[in-house]
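Novice: Sequence plus the predicted model coming up.
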Amino acid sequence: MSSCPRWCQPFLTVATGKPLKGETPSRLTPMYHLATATLSLLSGVILNILFLHHGFLICLPLGWLFTVSGARKLQVQIVHQCAHEQFLGREKFDQWLGETLSIFLMIGNFPTYCQTHKKDHHGLKNLMTPTDPTFHFLQTLGLLNIKP
């Protein structure tokens with residue numbers, strides 16, 4: 001990427017996750033991800049309330065974009081790390097946060113998610129086999145040319 005202008009290198013590093021030789025990578029903390037995901041979700045909700053109140057219905061998809069993006073990041077990234085007790089690495093806090101986010105996002109029961117996720121997806125016998133939900137999903141989309 002050294003052939004690109006210097007001013008675009010920080011963006012390229014964030015987008016690819018790979019810093020240029022000699023560049024110091026920025027380390028985004030778990031709390032940064034929690035804060036930005038929560039801010040995105042709340043911003044989307046507030047935007048949509050304002051759009052509805054003022055009759056700007058055409059703008060609702062913009063609010064949806066922020067809301068869904070934040071909720072998805074909270075579920076897929078934060079709750080997933082909490083299920084593995086790797087968000088902050090503090091078992092009690094990670095469990096509390098995972099449970100709180102599960103309630104707030106109205107997704108499945110957190111203890112059940114932890115148990116089934118670890119058994120169904122990360123079990124050594126199931127990982128990337130036809131019984132793995134991720135494998136099945138990718139195969140359904142046609143992204144895997146593997147026959148069971």
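Specialist: Alright, I've got the coordinates. Keep in mind the model is a prediction, meaning the values are calculated, not measured.

Novice: buried residues in the lowest-mean-pLDDT helix or strand in the chain?
Specialist: Scoring the helices and strands of the chain by mean pLDDT, DSSP states H and E places helix 133-140 at the bottom, with a mean of 76. Using 16 or more other C-beta atoms under 10 Å as the test for burial, helix 133-140 gives 135, 139. C-beta coordinates here come from the backbone N, C-alpha and C atoms, glycine included.

Novice: Please apply the same query to stretch 60-67.
Specialist: 63, 66-67.

Novice: Mind checking which of these are in helices?
Specialist: Judged by DSSP state H, helices contain the following of these: 63, 66-67.

Novice: for the residues you listed, which one is nearest Gln9?
Specialist: Phe66 (27.2 Å; C-beta to C-beta).

Novice: how about the nearest residue to the closest one, chain neighbours excluded?
Specialist: Gly44 (3.1 Å; C-beta to C-beta, 6 or more residues apart in numbering).

Novice: Can you classify the one you found by secondary structure?
Specialist: Counting by DSSP: H, G, I helix; E, B strand; the rest coil, the backbone at Gly44 sits in helix.

Novice: And the helices in this protein?
Specialist: 9-16, 30-54, 60-73, 80-83, 91-105, 110-116, 133-140.

Novice: so which of the ones you listed is the most packed in?
Specialist: Across those, averaging neighbours per residue (mean count of other C-beta atoms under 10 Å) puts helix 80-83 on top, at a mean of 21.

Novice: Quick one: low-confidence residue ranges for this protein.
Specialist: 1-2, 121-124, 126-128, 143-148 (pLDDT under 70).

Novice: Repeat the analysis, applying 80 as the threshold.
Specialist: 1-4, 6, 13-18, 20, 24-26, 118-139, 141-148 (pLDDT under 80).

Novice: Alright, I will stop here.
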